Every structure is written in C-alpha cells, then in structure tokens.
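S.K.: fold the following for me, if possible:
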Amino acid sequence: MTGRILALSGGIGGAKLALGLAQVVPHADLTIAANPGDDFEHLGLTICPDLDTLTYTLSGLSDTERGWGRQGETWNFMAALGELGGDTWFNLGDRDLALHAERTRRLRAGETLSHVTAALCGRLGIGPSIVPATDQPVRTVVETPDGPLPFQHYFVRLRCEPRVTGFRFDGAAAARPSPALAEALADPGLAAVVICPSNPFISIDPILAIPGVAEALSAVKAPVVAVSPVVGGAAVKGPTAKMLAELGFEVSASAVARHYRSRIRLDGYLLDEADAGLAAELEAEGLTVAVAQTVMTDLETKAAVARALLKMIVI
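M.R.: You can find the predicted model right below:
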C-alpha cells in the first residue's frame, strides 16, 4: 500500500493500534490525530491525556503494566502535595510532570499545541506524526441526571460511576482542525482514514465535533474504516459498554458502527472473531466487513491487527 494513513485516536486502545500501524506503515506516511476532549487545566498545567498516551506509547516510554503514564515513574510530587492539602485526585508522576510543565511553558509563550507537540515528539524520537485534532480548546462535558461534569471529574474523580445522559463538547464550535489534520484530510495521496478502537462518544465524537472534520471525512475519496472497540458485547477497555447501555444503545460492535454511520461515511469495519456472527447484518447495511483477532496484548498482535486492517482497505 502507498499513500498516507490518517488515524483518529483516543488514548489506550487507539495508541495500541497506532503502535501497530507504525510497525507496518512507513513513518512518513502515518499521521495520528488525537482526541482533544480529555484535555484540561490542572494544578496550573495543561494536561492532554490522549496526546500523552500516544506520545509515550510510540516513544517506547509507556508503562505497559499500569496501562497509562510513563514507565519508571515515581510519585514524590503527589505525596508532598497531599501533605500540603493539595488536590491529589488526578495522579501526576514525577517524570510525567516534565512533559506537562514544558508544554504549558511553551503554550504560555505563544506556541500552538501543534508546534509544541511536534517539538516534544521530535525530542523523543517518534517517527510518525502525532498531532492534536485542533489547536483550540475542546473540552468534553458529561451530562448526568445530577448535572454536567467536566470529563476528568467524571472519568477519574468519580470513576465513571454517574449515569450518562449525553455529552457536549465545549469550545468545539469555535475550533478548527489543526493544520496537520486539515492537510491530511485534503491530501490527494490519502490512502485511508482509520478510526482506532476508541470510545466512540468521548474519544472520536470530540474530533468529529470540530467544524469541517465530519464533512471532510464524508467527502474524502479514500476509504474510511473503523476497528470495533467492543468485543463479544463488552468493551476491551474503559466505559464504552456502560455508556452504550445508559444511552439506550445495544451493547455490541454493530451499535458502534451504526453510531459512526450516523455521523460520517463509514466504508469498512473490522470485527473481532468473537463477533463474526455480526458480519452478515453489517454487510447487508452496505459495510465492507473483515474479521480478525483484534485484542492487542503485545507488539506482535498490534501489528497483526494493523495488517488485517490494511488488507481490508486494499481488497
């Protein structure tokens, strides 16, 4: 396959596939646009969790045992902060703090998030382009019966316990695609757009809420394909299944595909082997469907999923 691959990604699940794609796609041809909706200001710092997960994963610095953050982490800052009565509900490791502090310093000096991200990824030796979906703030707000919650308060502080009734993406209407995302979407050499196996509501929808992105995805000549984040009626990671149920959707890989198709043109869908029985119904709805083992546990399985996806694209 020749041509650029554009991947839309959330955090942990998306980063796994991004790393797999980096094993089989020339680095110069791979652009990964990160969800902005998880970003927030905390302790005076600009925190970008999904950008950071992608950065640590593709640089080989991620803590694979914990599943997030940087390997070899220590927690002296958080311990000292707690002693002073500070806000400790969101853990920031000592090594991780360096990235947030440097990002915040450069943003306050007037650099864009795109420029800062490119510089940091360059320092860490990352080959593929990891880019923010936008340089403007877009913040996910979770609607609940007791009122709206900033995303990280819902996700981390309250451990996803409140019932979800909807979402809004503050700032999205005034945002615009980052230069790298806009360039990739307009590239005549674009070979495919990949929607990584990420939560559709809180990882992909914030990207689609940026004006012009959904329209561009429906207009691109390249195929738009997605990997299901739901396997056998359960989420591989995170609250996807819980959110589907609370919002009145069937908890299935099919429901995720239909949600995407309500927002954009979706041409292909990669199902896990556990959901092979759903292929016929989705094909009857006009999707190209492939089936593979999609649970990614090591570098080999990540690359295998990427190869299965690329094989589907060129069929």
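S.K.: V291 in helix, strand or coil?
M.R.: With DSSP: H, G, I helix; E, B strand; the rest coil as the basis, V291 sits in strand.
S.K.: what's around D87, how many residues?
M.R.: Neighbour count for D87, taken as other Cβ atoms under 10 Å: 10. Heads up, the C-betas are built off the backbone N, CA and C, glycines and all.
S.K.: now it, what's its secondary structure?
M.R.: Under three-state DSSP, D87 falls in the coil class.
S.K.: and the pLDDT at it?
M.R.: For D87, the pLDDT comes out at 95.
S.K.: list the contacts for L244?
M.R.: V230, E250, V251, S252, A255, V256 (Cβ atoms under 8 Å, 6 or more residues apart in numbering).
S.K.: got the phi/psi numbers for it?
M.R.: Backbone torsions for L244, taken as degrees, to the nearest 10, come to phi -60, psi -50.
S.K.: state the distance from it to E41.
M.R.: 30 Å (Cβ to Cβ, to the nearest Å).
S.K.: which residues are in contact with the strand or helix carrying I130?
M.R.: I130 is located in strand 129-132, with elements delineated by DSSP states H and E. Residues outside strand 129-132 that contact it (Cβ under 8 Å, 6+ apart): 18, 30-34, 36, 48, 51, 54-55, 58, 113-114, 117-118, 121, 178, 180-181.
S.K.: got it, and stretch 97-111?
M.R.: 44-48, 52, 55, 70, 77, 92, 113, 115-117, 119-120.
S.K.: identify the farthest-apart pair in those residues.
M.R.: Greatest spatial distance among the contacts of stretch 97-111 (Cβ to Cβ): F77 and H115, at 26.8 Å.
S.K.: with neighbour numbers in mind, choose between the two.
M.R.: It is F77, of F77 and H115, that has more neighbours when counted by other Cβ under 10 Å, with 18 against 14.
S.K.: what about that one, which SS state?
M.R.: Looking at F77 with three-state DSSP, the answer is helix.
S.K.: that one: what's it in contact with?
M.R.: F77 is in contact with L92, G93, D94, L97, counting by Cβ under 8 Å, 6+ apart.
S.K.: and with 6 Å instead?
M.R.: Counting by Cβ atoms under 6 Å, 6 or more residues apart in numbering, F77 makes contact with D94.
S.K.: among the contacts of L244, which lie within strands?
M.R.: With strands taken from DSSP state E, the overlap with the contacts of L244 comprises V230.
S.K.: need the contacts of L244 in a markdown table (columns: neighbour count).
M.R.: Shown next, in a markdown table, are those (neighbours: other Cβ atoms under 10 Å):
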| residue | neighbour count |
| --- | --- |
| V230 | 26 |
| E250 | 13 |
| V251 | 17 |
| S252 | 18 |
| A255 | 22 |
| V256 | 28 |
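S.K.: closest one of the contacts of L244 to L217?
M.R.: Taking Cβ to Cβ as the measure, L217 lies nearest V256 of the contacts of L244, at 15.9 Å.
S.K.: dump the residue contacts of the closest one.
M.R.: P200, S228, V230.
S.K.: next one: P49
M.R.: By Cβ under 6 Å, 6+ apart, the residues touching P49 are G11, D38.
S.K.: again, but for A306
M.R.: Taking Cβ under 6 Å, 6+ apart, we find A306 in contact with G20, L21, V24.
S.K.: can we see that at 7 Å?
M.R.: L17, G20, L21, Q23, V24 (Cβ atoms under 7 Å, 6 or more residues apart in numbering).
S.K.: just the ones of these in helices?
M.R.: Using DSSP state H, the subset of the contacts of A306 located in helices is L17, G20, L21, Q23, V24.
S.K.: now, of those, which are buried?
M.R.: L17, G20, L21, V24 (16 or more other Cβ atoms under 10 Å).
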